[in-house]
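In: need coordinates for the following:
(one chain, ligands or ions: 1)
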Amino acid sequence: MIEFEHVTKTYAGGAEAVSDFSCVVPSHRTVAFVGSSGSGKTTLLRMVNRMVEPTSGRVLIDGEDVRSRNPVELRRSIGYVLQHGGLLPHRTVIDNVATVPVLTGLSRRAARSEAGALLERVGLDPALGARYPAQLSGGQQQRVGVARALAADPNILLMDEPFGAVDPIVRRELQGELVRLQSELGKTIVFVTHDIDEAFLLGDEVIVLAAGGRIAQRGTPAEILSNPANDFVREFVGADRAERRLHVAEVAGRTLALDETGRPVGVLAT
Ligand SMILES: Nc1ncnc2c1ncn2[C@@H]1O[C@H](COP(=O)(O)OP(=O)(O)OP(=O)(O)O)[C@@H](O)[C@H]1O
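Out: Purely as a prediction, here's the structure:
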């Protein structure tokens, strides 16, 4: 479980990027932080692995203040996936995935063998392990990024717009893979995105952020869709969803449009 307790962040010379933010990310669940550019999503995510220190407030993992943890060890114990993979360009794919397990004491041979299995787990042909990152497509690189984040078998995965730089079709594929992986692995995931559809698809709970890391609304996708808290959320949620194969169902007295996976994608006017 991750707890943000009244965290605030003011960067040197800047305005408050996050002000008085509190939330709980329960173990084995995915919480999606969604908001437009500059709403403080990345700042919040990086507080978890101490890449950003809050100006005030604290972040706890399983009840322990992250400030009491050694930052290097903390980062090695948490999976982190970035928009551009963050892969080391001069190392092969297999060695990129094996890096952390080697650092934590596994033999190179054992780490590579594990890395091969992880590549398969994220839907890649292990033969791609011999390539360098630049020799992979954007979608394949993101899969490697996920495999690398899983390599230390972390309880927590931090994902910062991990599918933001790939085309919409590959993006859908990667989202589907993550849903499948999460149902097998049950990690505690904080997923940052500016795409509300992605947040609804992946988040057990969604936190809609306004400027300054202020919470505009939090809830399950169905709660937010059936009852947007204000105009800001209503506008954020109201994108065109006509291309989906939809069906309707009654939830909490409202008629919701659900997509083929049963996820709510809109409220029908009555
Ligand atoms: N190192 C920094 N120094 C000064 N200001 C910063 C720094 N990092 C972020 N900021 C500012 O803090 C605010 C929040 O930034 P943050 O990256 O957390 O937002 P975000 O929601 O993740 O945005 P995006 O979707 O564009 O990545 C922005 O106004 C940004 O300019």
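In: residues contacting the host helix or strand of V265, please?
Out: Secondary structure from DSSP states H and E places V265 in strand 264-267. Here strand 264-267 makes contact (C-beta atoms under 8 Å, 6 or more residues apart in numbering) with 197, 200, 221-222, 225-226, 237, 241, 244, 246, 251, 254-259. All C-beta spots, glycine's among them, are computed from the backbone N, C-alpha and C.
In: then stretch 15-23?
Out: With C-beta under 8 Å, 6+ apart, stretch 15-23 has contacts from 3-11, 31, 38, 40, 43-44, 54, 57, 207, 212-215, 218.
In: residues from the chain in reach of the ligand?
Out: 11, 14, 17, 35, 37-43, 194 (C-beta under 6 Å from any ligand atom).
In: of those, keep whichever come out buried.
Out: 17, 35, 39-43, 194 (16 or more other C-beta atoms under 10 Å).
In: how about the longest helix along the chain, which residues are buried there?
Out: Ranked by number of residues, the top helix in the chain under DSSP state H is helix 168-185. Across helix 168-185, burial judged by 16+ other C-beta under 10 Å covers 170-171, 173-175, 177-178, 181-182.
In: report all helices and strands that that helix contacts.
Out: Applying 3 or more C-beta pairs under 8 Å, 6 or more residues apart in numbering; DSSP states H and E, one finds that helix 168-185 makes contact with helix 138-150, helix 196-202.
In: tell me where the protein has strands.
Out: 2-10, 16-25, 30-35, 56-61, 64-65, 78-81, 156-160, 188-193, 205-210, 214-219, 247-251, 254-258, 264-267 (DSSP state E).
In: got the helices and strands packed on helix 168-185 as TSV, with mean neighbour count and mean pLDDT columns?
Out: Output for these, formatted as TSV (neighbours: other C-beta atoms under 10 Å; pLDDT from 0 to 100):
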stretch	mean neighbour count	mean pLDDT
helix 138-150	24	92
helix 196-202	23	91
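In: I'd like those as CSV, with distance to N70 appended.
Out: What follows is the helices and strands packed on helix 168-185, written out as CSV (distance: least, C-beta to C-beta, whole Å):
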stretch, distance to N70
helix 138-150, 19
helix 196-202, 30
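In: now for those helices, which one comes closest to R121?
Out: Nearest to R121 among the helices and strands packed on helix 168-185 is helix 138-150; the distance by C-beta to C-beta comes to 6.9 Å.
In: only C-alpha atoms, please: export that closest one in CSV.
Out: Extracted as CSV, the C-alpha positions of helix 138-150 are listed here (Å, rounded to 0.1, in the frame of the first residue of the first chain):
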residue,chain,number,x,y,z
GLY,A,138,8.5,1.8,-30.2
GLY,A,139,5.9,-0.7,-29.0
GLN,A,140,8.6,-3.4,-28.6
GLN,A,141,10.8,-1.0,-26.7
GLN,A,142,7.9,-0.3,-24.3
ARG,A,143,7.4,-4.0,-23.7
VAL,A,144,11.1,-4.3,-22.9
GLY,A,145,10.7,-1.3,-20.5
VAL,A,146,7.9,-3.3,-18.7
ALA,A,147,10.0,-6.5,-18.6
ARG,A,148,12.9,-4.5,-17.1
ALA,A,149,10.6,-3.0,-14.5
LEU,A,150,9.4,-6.4,-13.5
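In: that one vs helix 168-185, what angle?
Out: Angle, helix 138-150 to helix 168-185, by axes from the mean of the first three to the mean of the last three C-alpha atoms, to 10 degrees: 20 degrees.
In: sweet, I'm off.
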